[in-house]
Structures are given as structure tokens and as C-alpha cells.
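# Just a sequence and a predicted model for now, questions to come.
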Amino acid sequence: MRLSSVSSKEIILADQPRLSLGRTVRIAIDGVRYRLFRAAVTVSVIAVAVAFLMNILSESLIKRRLAVDARRELSAMRDIHGWAARLTRPLDPAAILMEVAAGGALDGSTAKGGVIADRASFAARARAAASYLAFFDALEYDPRRALIHTARGTAIFDALSDPEHFTIFEQRLAEMPALRFVGSLAEFRAFLDRWPELAVQLQGVVSSQEHAIAALNRARGDRTVFAALAQPDGVFVAAARAAGFDLDEATASRLTEQAQAVLDRLVIERSLSLLESRQLLAQHFNLLPADISANELWGYLEKSRQAASYLGVMRPLVAALEPYTAERLAALATTRRDELALERIERMTAGAGEGWLGLGERMGWLLMVSMLVCAIGISNAMLMTVTERFREIATMKCLGALDGFIMLLFVLESCFLGLVGGLVGSLLGNLIGYGRMAAAFGIGVFGTVPLGETLAAMGSAVAVGVVLAALAAVYPSLKAARLAPMEAMRVE
Amino acid sequence: MNSERRVIIRTVGLKKQYVMNDVVTEALCGVDVEIHDGEFISVMGPSGSGKSTFFNMIGALDRPTSGRVFIDEVDVAQLTAEELAFVRCQKIGYIFQSYNLIQYMTALENVTTPMVFGGVMSDEARRRGMELLELVGLGDRWHHRPLEMSGGQQQRVAIARSLANQPTVLLCDEPTANLDLATGQDILDVLRSLNEKKGVTVICATHDHRMMDMCDRLMWIRDGAIERIARRDEVHVEVGSIGES
């Protein structure tokens, strides 16, 4: 009458098998699908937190790129100012040391120093000197005053060459354990012993520069160096070469162009000193004449029709405006606008890429707090899920589920929510980031950051979401796993 | 009559105490009982009598404070967590008053869950699950979720689930309490026929007097102790006298 298979089941005890990850994932996802609304709420908590992180990441990436580009372009545009300085006065010895240490630019950017026989050893010692100078420059006021008093530049070496001074320096340095001297003191000592030699060499460079500049000054006459460089005939450039400055063709033509731009800008902006021009612009912009600045002027001149009317009013009054046409003014205004935009980007991205993720201390703190709040939110949601599902969990345990399975089920569920939330959040954060950056810097921001970098940032943001969700789920999952199976028997 | 049968559940001096806020409550105070293979036993007792605690003990859901529980001659107290899970999965089928089906699974998935935990391949689990659903008369409802079924149907799915791994013991905790009379009768019929045709040991906590008509033995629990155990034919006379006492 009885089926033998049932009652003759032998008493074989074994460990309950562990479920494969694939099956657990499927059960977890089924559970999530059944509680879509709760899942959606949790996902949106994660998405908001990840979006915040991603937004900061993407903005910092964009800003860093923009800053690098803007700085490069601006430094090319400002080449002329460096050259103008070099062609009119010798560098001071400390600047020469820095210059040489930075890449042996002694030949390229300053007049040739004929007195130096052994260039290689000079460059090596210049590098050492530059590193010592950099150390002293970076000091705070108090330790600096204690160590070298008020000496600056190469005067530091002059002062420390005095053995008495050096002993004091050594003692004071020993009293500052937090301060690490660059290199060993013995080396510094050796360097100082030979410092007078280097000082003489430096003086030689300076005097040869002075000599070259004196020669150049004769060629310049009473023109400014800008006016001289702007002359397209190349006479001044040839004179500079003859005096020993390494000016190649490309640099020379670039300098000519830039010098002309400097002169143009001066002429045009100087015209603002006349009330007539201010009145014209004040009418156009509906401002008080006193509030008109160069920026309004450049904005006005961008349209060649307006440039023509400006010329019409101003040409009779300002002789220097005589050679300018409306088209040329408009072209200059456009160039100036680009330059202003770059300057603005440089200003707004100042400090980008510094510190952790390019965040300031406050932003980092805010981010930490938001992540913490998110983790607590997930934890709370998972705890509620566990409480809600206590009967289901207990039933599963009655049916033979292991504690590990229950734990994994909830951690997986949370990870899954973290993944979805992370993906949504990283997309959202990127969108917001690009949107804000585009609003601030124009649509040029699209395409500034390489796709790989963006994807890496998104990947790490998603990873943060998943890890956060997994960590937040540990306690609720433990609670679920520890639930007694007899809870299933309980009747509400 | 049961002397030649194997003892499937045996308790020796079973005690259970609950400690709550330093107050010790004695839920079971020394229960000795033997249940044989293939028996149909009704456990009666008012609420708070220790009936549920007794069920938790013989169902390997909780550990006794003292005394021993042998399921199939294996001492439950000696088992590791993994082995306990194995016993719950393979040896015992549970049927709950409130069905406790997993809401997001279909009837078939619910029935196959214990097989999944037991490591049965999915094709085999599916085949056996369909067989069990047909056995309880729900072969055509396999793809329905618990919310799409009536209470009686849900309880029948729960019965099919409890049979998933061919357990030796079926523990039923008031299986008919949430059902109307006719549906309750259906469930009782299913249990009875399982007991008769498949030889499954059925232990039923119940207040349902119809249960008395079909069980082999009746067990009364009161204040954490067995008040009385009697065979049905001995009790039958007594049933009439309940109203008079």
C-alpha cells in the first residue's frame, strides 16, 4: 500500500548543497522585480549620490582639460612679454640659475654667455643651485627668517658662504625636525665652497647680457621694444641675432605679429580716454560714460558696421587711429574676444585638478557626507525589506536555505540596485556636468575630454555605487540570515 | 499496532525555556513521545499550551533547552547548521496556517524551490514539480502566482511544495484554520490520501474536529506537557462527551 521509496529513505546526513551564483542572482532579481516600487526608491537614492559624485568628476575632468588648453594658448600669446623683458634688461643671477636648471635655455632665451668654458658642469651646478633656491623659496616666513634672515636669491649663497653663518644655519635647521633639507648638508657645504666660482660665472653671463642689450638698444633707438619688434622689415630682429640672442625665424615672425597686436590694443584702448568715445559707447550700452570699460569697447567693435561708425567719430580726434580700417578693427576685436574668453577660462579653472579629485576640502567633505547619507538610506531600505520579508526568509530557511544563501541574496539584491542606480547616476551626473560646463564655457566643452577618460570616470562612479550598496547591505543581510526559521510559523 | 513500525520522531525529556527580560517561561517541561513512520497524528491544545514550541522542536527549527529530539534516529542537537538545513530540506515538509508561499514565484517555482535548495537539476525539478501539482489537482494552474489563487488552492500548492523532496514527515500547523469548511475538507482529504497512498507521516496541529475522524492517534498538549495520547477508536466515544464536560 505504501510507496516504498518514501519510507525506506535511508538516514543519510549530508551538508546542504550551496546554490550556484547564477541561481541566486535569478532569485534575487525575481525578488527585486516583485518589489519594483521600493527598488525604484532605493535606486533613485543611489542614483542621486552617484550623480553628485559623477558630476564633480566630470566637471573636474572638463575643467582640467580646459585649463591646460587655455594656459597653453595664453602662454603662446604672451610670449612677447617674456621676450620684451629679455631684450631690454639682463636676468638677475637667480633667474638665470632657474632658467638653466629648467632646461639649459641659456642659449635660447638670453644672450650667449661667452665666459663659460665648461657648459655641462655649469648646468649641473645651476641645477643644484636652483633646487636649493626652490627649497628656500618654499619656506614659511618664520623658518626662513631663522635660517637665512632676509637674504633673497643668490644673496642666500653669499651669506651662507660665511662659515659662521653656516654653523648658525646648521644649528637652526637641526632645531626644526619637521623640515627636511633638500639633499645632504655635506653636499650643500661643498656647493657653497665652490659658490664664488659660480657667482663669477653668473656675473659673466649677466655682463655679457648687459653688453648684448646695450648693443641692441643702439639698434632700437628711442622706439619701445614693441614698436621695434613690430617693424616687419626684420632689421631689429637681425640686430638681436647679431647681439647673441637666439631668435629663429618662426619665433621672430610670431613676435612681430604679437608686438603689433600689443600696439594695436594700446592705440584702441587709449582712445577710450576721450569722452567722445565713451559717450558713443554709453549710448549704445545704456550705461554711464564712467562705467565704460575696454571690454565694452571691444564688444562694440566686433561688428564692422559699428567699428566703422566708431572710426567715423574717433578718427578726426585720434591721429593714431588713422591707419585702421573698420574691418581691421573688427578682426582685432574678435581676436581680443577669444583672448578674453581664454583668460576667463583660466580664471575660472584656477586650481582645477589640485587635491583629491580636484576638489576643495569643503567639496570633498560634502561628497563624503552625501555618500554616507546614501549608504544609510540604502541600509534603511534594505532593513525595511528584511522586516517586510521576514516570513518569506523564514519559509526559505524551512525549505532548506542556508544562512549564506539568504545573506548573499540580500547583498546581491543591494548590489543590483547599486549597479542600476550607479549607471543611471553616472549618466545623469555626466549630463549635468556637461550641461553646467557648457553653460559656463560654451559648447566647446563637448569633446574636450577623451571618451576613455569619461568612461573610466563613469566606471569608477558605478563601482562606488555598487560598493556602497554592498557595504550598506551587510548589516541588513546579516539580520536576515540570522532570522530564526520558526518565524515562518508565526501567525499575524 | 505500531510496534513493528520504525520510530520516525522520538523526544526524550524535551524541555524548552524562553528567557525574556530575566523572566523564564517554561514552554515545554519534559515531553517524551514517539511517533511512528506512516502515522497520522493530530496535536490539539489551546493557544499558549506549548504546541508551537513542540512543533519547532520536532521540525528541527529550534534547539531544545534540555532533552533530545531524534528525527529518523538522528539527534538534532548534534547537527551543524548545514546538516540542519539538509534535514529541513530533505526529511521534513512544512505546511503553514498562512500558506507562506513566496509571492513573486509561480506555483511551479514555489513547488520546485526546495528542490533547488536540495540541488536537483532544473529539468528534473520541473518534471517532479508538475507531477506534484497534478497530485494536488492544480496541474493546469502551474504558472499562476499565489495572489491569483484562492486560499484552498494556495494551501494545495503549499502541500505540493512540502512534498518536493519526498520528506518522511509532514508537519502541518493548523492547515485548515484559514479556510472555509468545504475547502478545509478538501485539504484534509489530500492529506489523508497522501498518508494512505504514500505512507507519509503526518503531524497536524489543529482545532478542526474533523481531523479527529481521520487520524490514527490524538495528542493533547497542555501547559507544556502531554496531557493525553489516545488512538482514534479510544477517543471516538469521548468526542461526544466533550460538550457535556
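Now that the structure is in, tell me what you want to look at.

# Now do the contacts for the residue of chain B found nearest chain A.
Going by Cβ to the nearest Cβ, chain A is nearest to residue B:89 of chain B, at 2.4 Å. The way it works is simple: take the backbone N, C-alpha and C, and place the C-beta from them, glycine included. Counting by Cβ atoms under 8 Å, 6 or more residues apart in numbering or on different chains, residue B:89 touches A:16, A:399-400, B:114, B:117-118, B:165.

# following the lowest-mean-pLDDT helix or strand in chain A, which helix or strand shows up next?
Least confident helix or strand of chain A, by mean pLDDT, DSSP states H and E, is helix A:4-7 with a mean of 38. The element immediately downstream of helix A:4-7 (helix or strand, assigned by DSSP states H and E) is helix A:21-34.

# Show me where chain A dips below the pLDDT cut-off.
Chain A contains residues with pLDDT under 70 at A:1-12, A:103-117, A:351-360, A:491-492.

# Give the helix, strand or coil label for the residue nearest the centre of chain B.
The residue lying closest to the centre of chain B (Cα atoms, centre = their mean) is residue B:171, at 0.9 Å. When classified by DSSP: H, G, I helix; E, B strand; the rest coil, residue B:171 comes out as strand.

# Hmm, it is touching residue B:55, no?
Yes. The pair residue B:171 / residue B:55 is scored as a contact, 6.0 Å apart, by Cβ atoms under 8 Å.

# Need the overlap of contacts for those two.
residue B:203.

# ok, which stretches of chain B are helices?
B:51-58, B:81-90, B:107-117, B:122-135, B:151-162, B:181-193, B:209-214, B:232-242 (DSSP state H).

# now those in TSV, with mean pLDDT?
Output for the helices of chain B, formatted as TSV (pLDDT from 0 to 100):
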stretch	mean pLDDT
helix B:51-58	89
helix B:81-90	91
helix B:107-117	94
helix B:122-135	93
helix B:151-162	93
helix B:181-193	89
helix B:209-214	82
helix B:232-242	61
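
# Distance to residue A:376 added to those, as CSV?
As requested, the helices of chain B are arranged in CSV below (distance: least, Cβ to Cβ, whole Å):
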stretch, distance to residue A:376
helix B:51-58, 35
helix B:81-90, 31
helix B:107-117, 33
helix B:122-135, 39
helix B:151-162, 37
helix B:181-193, 46
helix B:209-214, 50
helix B:232-242, 57
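
# what's the closest of these to residue A:292?
helix B:107-117 (78.3 Å; Cβ to Cβ).

# Counting by contacts, list what the closest one packs against.
With contacts taken as 3 or more Cβ pairs under 8 Å, 6 or more residues apart in numbering or on different chains; DSSP states H and E, helix B:107-117 sits against helix B:81-90, helix B:122-135, helix B:151-162.

# Pick the most deeply packed of the ones you listed.
Comparing the helices and strands packed on helix B:107-117 by mean neighbour count (mean count of other Cβ atoms under 10 Å in any protein chain shown), helix B:151-162 comes out on top with a mean of 25.

# Would you point out which residue of chain A is nearest chain B?
For chain A, Cβ to the nearest Cβ, closest residue to chain B: residue A:400, 2.4 Å.

# how many other residues sit next to the closest residue in space to residue B:51 that isn't next to it in sequence?
Leaving out its chain neighbours, the residue that sits closest to residue B:51 by Cβ to Cβ, 6 or more residues apart in numbering or on different chains is residue B:45, at 4.4 Å. Number of residues near residue B:45 (other Cβ atoms under 10 Å in any protein chain shown) recorded here: 21.

# and residue A:433, which of the helices and strands packed on helix B:107-117 is closest to it?
It's helix B:122-135; of the helices and strands packed on helix B:107-117, that one is closest to residue A:433 (Cβ to Cβ) at 45.6 Å.

# can you tell me if that closest one touches chain A.
No. Helix B:122-135 is not in contact with chain A by Cβ under 8 Å from any Cβ of the partner chain; minimum separation 8.6 Å.

# This completes my enquiry, with thanks.
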